[in-house]
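Participant: Build me a model:
(one chain, ligands or ions: 1)
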Amino acid sequence: MIFRGLAALLSAGALSFAAPAVAQEAPAAAGATSIILHANQSGPTISRDIFGQFAEHLGAGVYGGIWVGAESPIPNVRGIRSDVVGALRALRVPNVRWPGGCFADEYHWRDGIGPMARRPVRLNPNWGGVTESDHFGTHEFFDFVDQIGSEAYLSANVATGSPREAAEWLEYMTAAQPTTLALERRANGHPAPFNVHLLGLGNESWGCGGSMTPEHYVEEMKNYARVARNYNPAQTGDRSMRRIAVGPDGAHTEFTEAVMQAWQNKVWSWNIEGISLHYYTVGGWPPHYASDHFGAQDYAALVADTLNLDRLIATHSAIMDRHDPQHQVGLYVDEWGVWLAPLPGTNPAFLAQQNSMRDAVIAALNLNIFARHADRVRGANIAQMVNVLQAMILTDGPRMVLTPTYHVFHMYVPFQNARFIPVQLDGGSYVQGAVTLPRLDAIAARATDGTLWLAVTNVDPDRASSIEIGGDGLPLRSATGQTLTAPSVDSHNSFDAPDIVRPQQISVAAVNGRLRVALPAKSVTVLRLEPAAAP
Ligand code: AHR
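Facilitator: Coordinates of the predicted model:
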């Protein structure tokens, strides 16, 4: 797949905040690319929910990666490993999607409550047919999100469950009155209602979640949207639970049309607050790109594939605009990330892959795309959190390593709930065989505390770049931040060498109100910009 270049990227995203002509600005110093921040044209809020994550019962994603059990020699709190919790807390993860994925549509919540010894052992047919102990259930999941300081995004079972099962799960979790289900929750150790931030009404109902037609799904979904009620008295107003219907599979628009058409014609008895989009950077199914030992061609192909998401979001947003011009329904890209060939020697059903500098670049480009579409994209969940696909963290028994993707999420924390600021740049192209990519990509935002932030990715794996940052009517004094780069695009961290790819601190002083910053090849840089003091 060939990316159509910077023009395509701009037409889909950046130009929606039309920026003044660059000619008004002083030209950048020789050899530098000019980046202009239009700090006085603030755009929509970049919802912190776009930094969400996904933890499915799949391979070592939950068992081993998060849950080790209270008896484990691996340090843990109530069975949840403490090293992983410590690392995830630093990311300020806004929400965790659980229990799937395909797993969710065969999951029955009653299997995962009550004394461990009484929980049934089932099979996990979607992911290798291994046994599922059900030791990580509803209470353990909420304990986990509490420990990392996050919130719950639960997926209701639409394929093999029922509206009644979903309604009872919600009552069990959220009712404050002494109903039989709320008393059962209390007996199981949690008197207070749980907080359910987001509720998925099925998962991939066009695929593993029931292979439904869009029309069939809409009829099912309306019923779930009605009866899966949140009774938590603390969840009102801005804190109300949002219901996310199944939306499109990549470029397919049938679910977007059907769900949004139903929403436009809805009656008083039901509502939704979002639809989901799933898009994996895969470069063609089945996943065949290596996660380790690859070169520039594979790198460019997957970066191009990831940039297609910008066009897809634009396509689905245009359909949503027709049915919902007020933007009441959000788009939630609740599965995204790089899906690569399984690591040799691992169970292919466990979706274990290495995580490289390429994945860090791809993570940054995706987050930039979501930020540019912040007027419609209200949430996103990288697949997945630990040990599965494009993970933040890899574990092996007691050992843990942070991936390059983890570092990008950490560097991007200031963008959570920040106000989007348009930036203008043209860094030229990076050409690799038949693939042409924009060499540089950037977003800027004003954080909730008023500080200004800029994130710039140098996609070129071979050539460093120099940028000159200026703001229209906003002279700058200095910048501090971090740069993530590596010896090669396939560099990764390992248990024995955990710091091959890790951010370095940088600081720069301005000359005449502008900042000159060197961007290493294949790098992600996040800077806090200090404006010059008012004269
Ligand atoms: O993330 C792995 C799987 O990909 C999920 O279970 C499913 O929803 C998607 O197809």
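Participant: and Asp375, helix, strand or coil?
Facilitator: coil (DSSP: H, G, I helix; E, B strand; the rest coil).
Participant: which residue packs closest to it, ignoring adjacent ones?
Facilitator: Of all residues beyond its chain neighbours, the one nearest Asp375 is Pro44 (4.6 Å), with distances taken as C-beta to C-beta, 6 or more residues apart in numbering. (Glycine included, C-beta is placed from N, CA and C.)
Participant: Check the secondary structure at Gly210 for me.
Facilitator: Gly210 ends up coil, using three-state DSSP.
Participant: An error on my part: the question was meant for Ser507.
Facilitator: Following three-state DSSP, we place Ser507 in the strand state.
Participant: What distance do you get for it to the ligand?
Facilitator: 39 Å (C-beta to the nearest ligand atom, to the nearest Å).
Participant: Identify the residue nearest the residue in the stretch 51-200 of the chain that the ligand sits nearest to in space, chain neighbours excluded?
Facilitator: Closest contact between the stretch 51-200 of the chain and the ligand, by C-beta to the nearest ligand atom, is at Gly101 (2.7 Å). Spatial nearest neighbour of Gly101, excluding adjacent residues (C-beta to C-beta, 6+ apart): Glu56 at 3.8 Å.
Participant: give me the number of residues near the one you found?
Facilitator: Each residue near Glu56 was counted by other C-beta atoms under 10 Å, and the total is 28.
Participant: Please apply the same query to the one 10 residues further on.
Facilitator: When counting by other C-beta under 10 Å, one arrives at 29 neighbours for Ile66.
Participant: List the contacts of it.
Facilitator: By C-beta atoms under 8 Å, 6 or more residues apart in numbering, the contact set of Ile66 is 55, 80-81, 84, 136, 144, 385-386.
Participant: among those, which are in helices?
Facilitator: 84, 144 (DSSP state H).
Participant: Return the subset of the contacts of Ile66 lying in strands.
Facilitator: Using DSSP state E, the members of those that fall within strands are 80-81.
Participant: Phi, psi for Val130 please.
Facilitator: Phi and psi for Val130, reported as degrees, to the nearest 10, are phi -80, psi 170.
Participant: Quickly note the distance from the residue lying closest to Ala156 once chain neighbours are set aside to Met221.
Facilitator: Take Ala156 and drop its neighbours on the chain: the residue closest to it by C-beta to C-beta, 6+ apart is Ala166, 4.2 Å away. Look at Ala166 and Met221: by C-beta to C-beta, to the nearest Å, they are 11 Å apart.
Participant: More neighbours: which of these two?
Facilitator: Neighbours were counted for Ala166 and for Met221 using other C-beta under 10 Å; Met221 has more, 27 against 23.
Participant: what about the more buried one, which helix or strand?
Facilitator: helix 214-227 (DSSP states H and E).
Participant: ok, and what's touching that helix?
Facilitator: 156, 158, 163-164, 166-167, 201-202, 205-206, 210, 212, 243, 245-246, 254-255, 257-259, 262, 266, 269-272.
Participant: Give me the subset of the residues you listed lying in strands.
Facilitator: 156, 201, 243, 245.
Participant: Show me the shaky parts of this protein.
Facilitator: 1-30, 534-535 (pLDDT under 70).
Participant: and the closest residue to the ligand within the stretch 201-350 of the chain, how many neighbours?
Facilitator: Proximity of the stretch 201-350 of the chain to the ligand (C-beta to the nearest ligand atom) peaks at Glu204, 4.6 Å away. Close neighbours of Glu204, defined as other C-beta under 10 Å, add up to 23.
Participant: who's in contact with it?
Facilitator: Per C-beta under 8 Å, 6+ apart, neighbours of Glu204: 102, 105, 246, 249, 278.
Participant: ditto for Thr253
Facilitator: 315-316, 319.
Participant: ok, how many other residues are close to Gly473?
Facilitator: When neighbours are counted by other C-beta under 10 Å, Gly473 comes out with 8.
Participant: Surely it is in contact with Leu37?
Facilitator: No: the criterion here is C-beta atoms under 8 Å, and Gly473 misses it with Leu37 at 10.2 Å.
Participant: circling back to that earlier point, got any residues that touch both of Ala166 and Met221?
Facilitator: With C-beta under 8 Å, 6+ apart as the test, Ala166 and Met221 both reach Val158.
Participant: The strand or helix carrying Val401 pairs with which strands, and in what direction?
Facilitator: Here Val401 sits within strand 399-402, counting by DSSP H and E. Here strand 399-402 has these sheet partners by DSSP bridges: strand 393-396 (antiparallel).
Participant: distance between the partner strand and the chain's centre?
Facilitator: Put simply, strand 393-396 sits 19 Å off its chain's centre (C-alpha atoms, centre = their mean, to the nearest Å).
Participant: Buried residues of it, list them for me.
Facilitator: Within strand 393-396, the residues scored as buried using 16 or more other C-beta atoms under 10 Å are 393-395.
Participant: Could you restrict these to the ones contacting the ligand?
Facilitator: For the ligand, no contacts are drawn from these by C-beta under 6 Å from any ligand atom.
Participant: Alright, I will stop here.
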